[in-house]
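K.L.:
Below are the sequence and a predicted model; questions follow.
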Amino acid sequence: MINHELHKKPVALDRIAHRNLKLRTDVNPLQAVAHLNAAFLTAAEFGDACKEYPILFLRAGTHPNGKAQVAPVAVMGLTPGENLFIEKGANGELSWRGRYTPAMLRAYPFTMAQVEADKWAVCIDESWAGWSQTEGRELFDDKGEPSGFMNEMRSFVEQIEAEVERTRLAGERLLEMGLLQDKRFDATLPDGSPLSVDGFMGVDEESLNKLTDAQIIELHRSGLLGVVATHQISLSNMRGLIERRLAQATPAVSQQAV
C-alpha cells in the first residue's frame, strides 16, 4: 500500500535497475515520518495501537466494486505536519517516543503495490536519503538474487498487504451496518485556547446499541467486535496527545524565557 505522504517517489523494485542498491543503516528513517500526523493501521494492529494512539477512520473514496471505503489510522499529532511521537534531541537527532510503531512505518522505505490488474510488486521510496550504491545492506547478491535481508522485507510487506485487504473488508462492513459516522473532537487547552479535530469517522454508540442480536453475533464471530472495542478504547488517548504537545512545548517556552 502506497501512502503518498510517506512514499514520495514510489517505484517497483527491479533486480536489474536496483542491482547495486544498498540501504544505509546510519541514516535515521524517522526523517521520513517526522511530518506525519497519522499512520495507516491494519485491523490486526488495533490491539497494540489502542493502548497509545487514538484510532480513527478516514474516508478513502470508493472501491471499484462501488462500495465506500475507510482507512483506519493511528493519530500521532493534532495538526497537519505534527508528529508528537518524535522528539529531537540536543544534537538534533530524532528519536521515537512511542511503545508501538505502526507496521507501515516499520517497513519504510519498502512497501507493496498493485502494478497491474493481477500483479503486485515490492516497491521502494526512491526519494529516501538512505539509499547508496556503495555501502549499507544489500538488496541483491552478486548473482542478482534477493539477499536474505530483502527476502525478510518482502515477507513483511506481503504480510502487511494481506492485512490491508482484510482491513478494507472490515471497514466496508462497518459502513454497511451504519456503525461509522462523522465525528468531531473538541477540547480546551490549559491556556484556555480551543482545540478542534474533525474530518474523521468513529463508531456511533446509538447505532451500535440498535444492532440486532444476529448482527452482534456476526460482529463477534467475524472479529469486528474487537475492532469496534479497541477503537472505542483508543479514543481516550486524545487527551494523551494534548499532554504530549504541552510537554514538548514547555522546554521551548522555558528556554525562550531564559
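P.N.:
Here it is on my side, so go on.

K.L.:
And the helices in the stretch 1-150 of the chain?
P.N.:
Secondary structure of the stretch 1-150 of the chain, counting by DSSP state H, counting those that start in this stretch: helices at 46-49, 103-107, 148-176.

K.L.:
Nearest to R59, out of those?
P.N.:
For these, proximity to R59 was assessed by Cβ to Cβ; helix 148-176 is nearest, at 9.6 Å. For every residue, glycine as well, the C-beta is placed using N, CA and C.

K.L.:
could I get the helices of the stretch 1-150 of the chain as a markdown table with mean pLDDT and distance to D14?
P.N.:
Below are these laid out as a markdown table (pLDDT from 0 to 100; distance: least, Cβ to Cβ, whole Å):
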| stretch | mean pLDDT | distance to D14 |
| --- | --- | --- |
| helix 46-49 | 98 | 33 |
| helix 103-107 | 96 | 19 |
| helix 148-176 | 96 | 12 |
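
K.L.:
Any chance of a markdown table for those helices, columns distance to A60 and mean neighbour count?
P.N.:
What follows is these, written out as a markdown table (distance: least, Cβ to Cβ, whole Å; neighbours: other Cβ atoms under 10 Å):
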| stretch | distance to A60 | mean neighbour count |
| --- | --- | --- |
| helix 46-49 | 17 | 21 |
| helix 103-107 | 14 | 19 |
| helix 148-176 | 8 | 17 |
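
K.L.:
Which of the ones you listed sits closest to G240?
P.N.:
Using Cβ to Cβ as the measure, helix 46-49 is the one of these that comes nearest G240, at 12.6 Å.

K.L.:
Now the closest one - C-alpha only, CSV.
P.N.:
The C-alpha trace of helix 46-49 is given here as CSV (Å, rounded to 0.1, in the frame of the first residue of the first chain):
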residue,chain,number,x,y,z
PHE,A,46,-5.6,-2.3,16.8
GLY,A,47,-4.9,-4.3,20.0
ASP,A,48,-1.4,-2.9,20.4
ALA,A,49,-2.1,0.6,18.9
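
K.L.:
Other residues contacting that helix?
P.N.:
The contact list for helix 46-49 (Cβ atoms under 8 Å, 6 or more residues apart in numbering) reads L41, I55, P72, A74, Y100, P102, G226, V227, T230, H231, S234.

K.L.:
make it 7 Å
P.N.:
Helix 46-49 is contacted from outside by L41, I55, A74, Y100, P102, V227, T230, H231, S234, using Cβ atoms under 7 Å, 6 or more residues apart in numbering.

K.L.:
I figured the fifth one was touching L41, is that so?
P.N.:
I take that to be P102. Yes - shown here, P102 and L41 form a contact pair, counting by Cβ atoms under 7 Å, at 5.7 Å.
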